[in-house]
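*Asks:* how does the following fold in three dimensions:
(chains A, B and C)
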Amino acid sequence: MARRIVLSSDSEPSPQDDLTVDYADALNPQQHAAATAGDGPLLVVAGAGTGKTRTLIYRVAYLVETGTQPESIVLLTFTRRAAREMTTRATQLLDGRCRRVRGGTFHAFCLGVLRRHAQAIGFPSNFTVLDAADAADVLSVLRSQGEYHKSDERFPRKDTLRKLFSAVTNRNRPLDDILAEKYPQFSHLHDELEELRRKYRGYKKEHGLMDFDDLLLRTLELFETDDAIRRKVAARCKHVLVDEYQDTNALQAALVQQLASVHGNVTVVGDDAQSIYRFRGADFRNIFRFPDQFPEADVLKLEQNYRSTQPILDLANRLIEQAGRSYDKELFSDEPEGDLPAVVPAPDGQMESRFVAQMVLRLREQGVPLNRMAVLFRSSHNAYDLEVELNRRNIPFVKYGGTKLSEAAHIKDVLAHLKVAENPQDAASWNRILQLIHGIGPKTAQDLIAWVTERDDEPFVVDDSGPFSKRYIATVKKLFETLRFIRQKDVPLVEQAEAVIDYYRPLFEKEYYEDYPEREPDLEHFIGLAESYDDRQTFLSELALDPIELTALEQEPEEDDEAPLVLSTIHSAKGLEFHTVFIIRALDGVLPSSYALNEDGGVDEELRLLYVAITRAEENLFISYPMLKYQRFRGEYMTDPSRFITDISEDVLEPVELVEESAPSELDAADDVKQLGDGSGSNTSPPESVSEEEPDEDTPDDGLPF
DNA sequence: AGAAGGTCGTTTTTT
DNA sequence: ACGACCTTCT
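*Replies:* Now for the predicted structure:
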């Protein structure tokens, strides 16, 4: 290791009292210490709602204000949304300089590095980013080429293969280990799987493809291969700040080490009790290993909660006691007063949805804006019932964790055309667009791809040397024409998108003959989206790394629309906070997911998930579940409430009974009215029972101006 | 042989 | 509602 000579910053050292922000006044002593800490590694262990984000924002401002170039600050967050929000808030706090702080996800940051330096590890700079489905499709092609299902043995399906290989990469452990641990039924296929994994790597390299894991892995490889690049990149990272450190995996921890390898200034913030991404290779132990990784690290704790009332924290604390391992943070609030969290058993799923919808409307009447309320659930389909109910009542909502625009099959089709224009070697996209053509199946597609990727110079010319048949030649010609057009210089991205869609439309209507009218609007959205970008490569990468929620687009962004209610998976609600939180479908088999029961450590992770959900709430918390459930195969059956809430005493989690309001007399009037039962155990008045006038059939109007 | 079309069993969480 | 697999058609 070379001797290091550290040059001190040339900008004049700013004395504390010249700062424009009053840090001591805005932060509590613990937060203040973290935000204004000096150089070197720093670990901040912070409980839920303790102002972790706030502290990071102030730290960014402080660093900028004390002379650090904003461009040399790297703020790594879990989602792009979080990064955007943090830089915006830092900007409000200080000034425009904070906008130039570099921020984003590990994946986005690595993408930027690789776009500049990929050649050093044998990739073209215009490599394509594969999302999870694309990666699985590539594996599927390789699997059928390899004829692995020769005997009658079942071979893992494409998505299982992808998960398996992803786990190997993210946990940085040998295939054997992962097989033994997670897929013992496939252990005997070890040799075939190793071979397939090798082929997959080779295929990606040959065709300029990187999946999500590669973005991290190849960046590390780059740093190992070329030390000059490592030093150059790390030199631009004067300060590295990482949010949600408990959810990083082995690769990300290694990356942090590399990025900090020149200046050694790292601040990581996290909470081991909120680690919920184990399935993705995250290891909460990273946070405890940090002091080993950086021996001089200072460790600070934030314990005072500013978000929730004490009754909500009591429930959270009680809940986390059930975990197999102990967490030493006991959350306390400066807001002792508040309603008890309520557990609400509903007769069935529809009633559960009606309860949520009506409570939302009542609270809105009381002045709580819709977007300060959230409905959280374990998995996306748990909300289907509720979505129907909300649509029926014209209550606007956004759903996070649902289907993404770029994950819809027809949008992937359009994207594949643009990807091929960007990277003609992209066999994965070729495979997709060729098979859309009538008469071309897997085999012909492979032959054509082999032919077309041979000629890098001008891949979009049809001549007689190709393996063409009359069945589809006309369409292939049109396809190539379109591709040649959009590859010309200076064709605006919107026009490229329009050209692709013009070509694609007939194929689209044939492929989705059953329901293409419903899908049609997405194509329009897509064009609208393309308008706000001018660079095709940026557009494609951003869409892959930061997919757009479908419901977010359906929300017409009209001026005086009320901000919508938030529906979200618990995972996607991480880091957010709401005045009122509803947790629905709190059932055994759903909230501890039945999948988690077999894995060891699985149940604890589900418990942390519920803990995260609960600690999103500031004032009101309702946990509900349906007592009856319907499944196609089983018919109606009785459910069990989540094991996590059954043993909680009533003075911490208050049971609430739903009661239908007895109908005054008219027929059908009882249909939509219920009131909260005895909710008066707590120290504030229960929500008044509001009887709702049931609107006429099919013209729901809850008094909302939408 | 290879593609199209129908049928059956299925469905966590995300960059 | 979606994909893996099987059968039928070109």
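
*Asks:* for the residue of the stretch 501-650 of chain A found nearest DNA strand C, what are phi and psi?
*Replies:* Here the stretch 501-650 of chain A gets closest to DNA strand C at one residue, A:Asp515, 6.0 Å apart by Cβ to the nearest atom of the strand. (C-beta placed from N, C-alpha, C; glycine too.) Dihedral pair for A:Asp515: phi -140, psi 30, per degrees, to the nearest 10.

*Asks:* neighbours of it, just the number please.
*Replies:* 8 (other Cβ atoms under 10 Å).

*Asks:* any idea of the pLDDT on it?
*Replies:* Model confidence at A:Asp515, given as pLDDT, is 83.

*Asks:* write out the residues of the stretch 401-550 of chain A neighbouring DNA strand C.
*Replies:* A:Ala409, A:Asp515, A:Glu518 (Cβ under 7 Å from any atom of the strand).

*Asks:* quick check: A:Tyr306 vs A:Arg154, distance?
*Replies:* Applying Cβ to Cβ, to the nearest Å, the value for A:Tyr306 to A:Arg154 is 53 Å.

*Asks:* looking at the two now, which is surrounded by more residues?
*Replies:* Comparing A:Tyr306 with A:Arg154 by other Cβ under 10 Å, the one with more neighbours is A:Tyr306, at 16 against 10.

*Asks:* list the contacts for that one?
*Replies:* Neighbouring residues of A:Tyr306 by Cβ atoms under 8 Å, 6 or more residues apart in numbering: A:Gly49, A:Thr50, A:Gly51, A:Ser333, A:Asp334.

*Asks:* how far away is the first one from A:Val129?
*Replies:* This means A:Gly49. Counting by Cβ to Cβ, the gap from A:Gly49 to A:Val129 is 35 Å.

*Asks:* what of A:Ala450?
*Replies:* 23 Å.

*Asks:* what's the answer for A:Arg218, then?
*Replies:* For A:Arg218, the distance to A:Val129 - Cβ to Cβ - is 11 Å.

*Asks:* for the residue of the stretch 551-700 of chain A found nearest DNA strand B, grab the count of nearby residues.
*Replies:* Relative to DNA strand B, the nearest point of the stretch 551-700 of chain A is A:Tyr595 (3.2 Å; Cβ to the nearest atom of the strand). A:Tyr595 has 11 neighbours, counted by other Cβ under 10 Å.

*Asks:* and if you look at A:Val420?
*Replies:* That count, for A:Val420 with other Cβ under 10 Å as the rule, works out to 27.

*Asks:* what of A:Ser662?
*Replies:* Quick note: A:Ser662 (other Cβ under 10 Å) scores 9 neighbours.

*Asks:* now A:Pro291
*Replies:* 14.

*Asks:* kindly report the same for A:Ile583.
*Replies:* So A:Ile583, with other Cβ under 10 Å, has 27 neighbours.

*Asks:* quick one, phi/psi of it?
*Replies:* Residue torsions, per degrees, to the nearest 10, at A:Ile583 are phi -110, psi 120.

*Asks:* tell me which residues touch the residue lying closest to the residue of the stretch 551-700 of chain A closest to DNA strand B once chain neighbours are set aside, please.
*Replies:* Excluding the flanking residues, the one nearest A:Tyr595 by Cβ to Cβ, 6 or more residues apart in numbering is A:Gly602, at 7.4 Å. By Cβ under 8 Å, 6+ apart, the residues touching A:Gly602 are A:Pro592, A:Ser593, A:Tyr595, A:Ala596.

*Asks:* neighbour-wise, give me the winner out of these.
*Replies:* Neighbour max across the contacts of A:Gly602 (other Cβ under 10 Å) = A:Pro592, 23 neighbours.
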